[in-house]
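Chemist: following is a predicted model, sequence given first.
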Amino acid sequence: DGGITQSPKYLFRKEGQNVTLSCEQNLNHDAMYWYRQDPGQGLRLIYYSQIVNDFQKGDIAEGYSVSREKKESFPLTVTSAQKNPTAFYLCASSIDRGTGMEKLFFGSGTQLSVL
Amino acid sequence: DQQVKQNSPSLSVQEGRISILNCDYTNSMFDYFLWYKKYPAEGPTFLISISSIKDKNEDGRFTVFLNKSAKHLSLHIVPSQPGDSAVYFCAASAKGNEKLTFGTGTRLTIIP
């Protein structure tokens, strides 16, 4: 079955530690995205990538880093510089035909908590 | 600056009745609008969308209405069913840009 796989489902971070959230898709989509959801807030865009080896900052990129070495994979690293990392992280992908009229497909999310 | 707004954090509707969820936007460049449904601890799933060239789109029990002059859209669910209980997000994108801007969500509870 085609889809987006995020792992792990739950992740705990210690103070000063970097952690990496995995996102893999087998939908052959060009574009991939990372969103963060906090209680009572909408989904806020962290980073997105429209093509391999290229990515753009979203609205809340500070304290995060990404890479896009393969079309299928878009890992997100939450660095120690991110002072409030506790949130539900969602990865998504879409076909990028440049029309702005494609829907995003989401993974099942990773809940990150600080110990 | 919240470009997509859902002013009702929660809504309760009797089973079988109509649910109406509202969304307002401020960015006049937005021309494609989507509704997503989300259950706790899961990713959002696409529900229905509408392009700015239309004012209505229908898919089974779900209908989305777009009022461009008011920068307002709404999602109608009729009849409402218990499985419709979830958080609904409105999202928008601008021409040529797949990046979506989301609203804050409305938690819909269907009362049996």
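Modeler: Structure's in. What do you need?
Chemist: any idea how far the residue in chain B that chain A sits nearest to lies from A:Y35?
Modeler: Closest approach between chain B and chain A, counting by CB to the nearest CB: B:G43, at 3.3 Å. The way it works is simple: take the backbone N, C-alpha and C, and place the C-beta from them, glycine included. Separation of B:G43 from A:Y35 (CB to CB, to the nearest Å): 9 Å.
Chemist: what residue is smack in the middle of chain A?
Modeler: A:W34 (2.6 Å; CA atoms, centre = their mean).
Chemist: so B:Y88 touches B:P44, yeah?
Modeler: No: counting by CB atoms under 8 Å, B:Y88 stays clear of B:P44, with 9.2 Å between them.
Chemist: who has more neighbours, these two?
Modeler: B:P44 (27 against 23; other CB atoms under 10 Å in any protein chain shown).
Chemist: for the closest residue to the more buried one other than its chain neighbours, pull up the helix or strand it's in.
Modeler: Excluding the flanking residues, the one nearest B:P44 by CB to CB, 6 or more residues apart in numbering or on different chains is B:Y36, at 3.8 Å. Under the criterion DSSP states H and E, the helix or strand holding B:Y36 is strand B:30-38.
Chemist: and the helix or strand that comes right after that strand, what's buried?
Modeler: Using DSSP H and E, the helix or strand that directly follows strand B:30-38 along the chain is strand B:45-51. Buried residues in strand B:45-51, counting neighbours by 16 or more other CB atoms under 10 Å in any protein chain shown, are found at B:47-50.
Chemist: restrict these to contacts with chain A.
Modeler: Among those, the residues that sit close to chain A (CB under 8 Å from any CB of the partner chain) are B:S49.
Chemist: which residues does the helix or strand B:I20 falls within contact?
Modeler: Using DSSP H and E, B:I20 sits within strand B:19-25. Strand B:19-25 is contacted from outside by B:3-8, B:11, B:13, B:33, B:35, B:70-78, B:80, B:84, B:88, B:90, B:92, B:103, B:106, B:108, B:110, using CB atoms under 8 Å, 6 or more residues apart in numbering or on different chains.
Chemist: how long is stretch A:3-14 end to end?
Modeler: Terminal residues of stretch A:3-14 are spaced 31 Å apart (CA to CA, to the nearest Å).
Chemist: show me how far that stretch is from its chain's centre.
Modeler: 10 Å (CA atoms, centre = their mean, to the nearest Å).
Chemist: pLDDT (mean, whole number) over it?
Modeler: What stretch A:3-14 shows for mean pLDDT is 94.
Chemist: buried stuff in it?
Modeler: A:4, A:6, A:11, A:13.
Chemist: kindly report the same for stretch B:20-27.
Modeler: B:20-25.
Chemist: for stretch A:48-68, same thing?
Modeler: For stretch A:48-68, by 16+ other CB under 10 Å, it's A:48-50, A:55, A:58, A:60-61, A:64-66, A:68.
Chemist: which ones are touching B:D55?
Modeler: Counted by CB under 8 Å, 6+ apart, B:D55 has contacts B:65-68.
Chemist: tell me, how many neighbours does the residue nearest to B:P44 end up with?
Modeler: 25.
Chemist: residue 94 pairs with what?
Modeler: Going with chain A. Counting by DSSP bridges, A:S94 is bridged to A:A31.
Chemist: wrong one, I was asking about chain B
Modeler: B:F30.
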